[in-house]
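Engineer: Based on what follows, work out the 3D shape:
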Amino acid sequence: MAEVIVVGSRRAAGALVAEAIERLVLQRPDAVLGLATGDTPLPVYRALAERVRAGLDLSGVRGFALDEYVGIPVTHPQSYHSVIAAQVTGPLGLEPSAVHVPDGRTLGIETAGERYEDAILAAGGVDLQLLGIGTDGHIGFNEPGSSFASLTRVKTLTRQTREDNARFFDTVEEVPVHSITQGLGTILRARRLVLLAFGRGKARAVAAAVEGPLTASVPASAIQLHPRATVVVDEEAAAELTELEYYREAFAQKPIWDPVIL
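Structural biologist: As a prediction, this is how the structure comes out:
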C-alpha cells in the first residue's frame, strides 16, 4: 500500500515534498530527480525555488522529464523542453546540460525511447520521481491500457488527455496527438515515487490508483507495485478514498525514525 498524506493546501504539499528533496540533496548533491510537468508539480518547484533563494544549492542535481510532445518545436512555449526550462532549470539553478527531456523530433523518433532509457541508466537511475495523475488515471503519458512493463516510447494521446491539456493551447486541435513518455516500467525503476493530486476532479482517479485493482486500465495503479511510493493529496482529491481515516491516523502516528517521504 502506498503511503497517503492528506494536506490542507497545494502550498503545504509543495513545502512537504520540497523538504524531502532538500534532505535528499544534502545527502547526495548530484541526486537525480524525475520531473513532472503541468500544474500539479508547480507547488513543489515554487517551494524549492524559495529554498534556493534562501541558500539551498541544487546546482549539482540532475533531472529527467517524464515526457514530451512529438512533432512540436522545442522552442514552442508548450513544449516540455520550454516548460522545464522556465519552471525548473532556471528557477532552481540547475545546470541545463544536466536536465534531460525526451526527444520529440520526428527525425529519429524510432530510437528516441531507447536513447532516453540509456541516458537514465547512465545517470544511475532516478532517486525521486515526481508524478501527477490524469483524470483517467494516466501517469506521464501512459494512457489506459499501457503495459506495466513498458519503457520510454511513443504513445497516442486519448481525446480526454488532449482536452485536459487544451487549456495550455488555443484549441484542442493544437494539442499534439502523439507523445514520447517514460513507460510504467521506467517509472517503477525510480528509487522513490511521489504522486501529487489536487482538486475534486482527481478524486476518482486517486482512489482507483491507490485502492482499486491493479489494472492497466488505471495506469497509476502501478504505484501499488512500488515499495516506496507516497501519495500527497489535498482534501478534495482525497474525497473518495475508502481508507482515508486510516491514512490520517498512520501519518499522525508516524514513527520518529521514519521520515516523511524520504
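Engineer: what residues does the helix-or-strand element of the chain with minimal mean pLDDT touch?
Structural biologist: Across the helices and strands of the chain, mean confidence by mean pLDDT, DSSP states H and E is lowest for helix 159-165: a mean of 92. Helix 159-165 is touched from outside by 38, 134-136, 138, 141, 143, 157, 172, 175, 177, with contacts defined as C-beta atoms under 8 Å, 6 or more residues apart in numbering. C-beta coordinates here come from the backbone N, C-alpha and C atoms, glycine included.
Engineer: can we see that at 6 Å?
Structural biologist: When contacts are defined by C-beta atoms under 6 Å, 6 or more residues apart in numbering, helix 159-165 is touched by residues 136, 172, 175.
Engineer: any idea how far Ala197 is from the nearest residue to Leu244 once chain neighbours are set aside?
Structural biologist: Residue nearest to Leu244 in three dimensions, not counting chain neighbours: Ala238, with 5.8 Å by C-beta to C-beta, 6 or more residues apart in numbering. From Ala238 across to Ala197, the span is 8 Å (C-beta to C-beta, to the nearest Å).
Engineer: circling back: give the buried residues for the least confident helix or strand of the chain.
Structural biologist: Using 16 or more other C-beta atoms under 10 Å as the test for burial, helix 159-165 gives 161-162, 164-165.
Engineer: Same check on stretch 176-192?
Structural biologist: 176, 178-192.
Engineer: of all these, which two lie farthest apart?
Structural biologist: Farthest pair in the buried residues of stretch 176-192 (C-beta to C-beta) is Pro176 and Arg191. Separation: 30.9 Å.
Engineer: And the strands in the stretch 1-150 of the chain, which stretches?
Structural biologist: 3-7, 32-35, 62-65, 67-69, 99-100, 128-131 (DSSP state E, counting those that start in this stretch).
Engineer: got a markdown table for those strands, with mean neighbour count too?
Structural biologist: What follows is the strands of the stretch 1-150 of the chain, written out as a markdown table (neighbours: other C-beta atoms under 10 Å):
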| stretch | mean neighbour count |
| --- | --- |
| strand 3-7 | 21 |
| strand 32-35 | 25 |
| strand 62-65 | 23 |
| strand 67-69 | 24 |
| strand 99-100 | 19 |
| strand 128-131 | 25 |
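Engineer: Name the nearest residue to Ala20, sequence neighbours excluded.
Structural biologist: In this structure, Ala20 finds its nearest non-sequential neighbour in Ile261, 3.8 Å apart by C-beta to C-beta, 6+ apart.
Engineer: And for the one you found, the neighbour number?
Structural biologist: Per other C-beta atoms under 10 Å, the neighbour tally for Ile261 reads 19.
Engineer: from memory Arg10 sits against Phe198, does it?
Structural biologist: Yes. With contact defined as C-beta atoms under 6 Å, Arg10 counts as touching Phe198 (5.3 Å).
Engineer: How is Val154 assigned, secondary-structure-wise?
Structural biologist: At Val154 the chain is in strand, as set by DSSP: H, G, I helix; E, B strand; the rest coil.
Engineer: Can you pick out the ones from the buried residues of stretch 176-192 that are in strands?
Structural biologist: Those of these mapping onto strands are 178-181, per DSSP state E.
Engineer: List just the nearest of those residues to Thr111.
Structural biologist: Of all those, Thr111 sits closest to Ile180, with 11.0 Å by C-beta to C-beta.
Engineer: Who is that closest one paired with across the strands?
Structural biologist: Note on Ile180: beta-bridge partners by DSSP bridges are Glu68, Val154.
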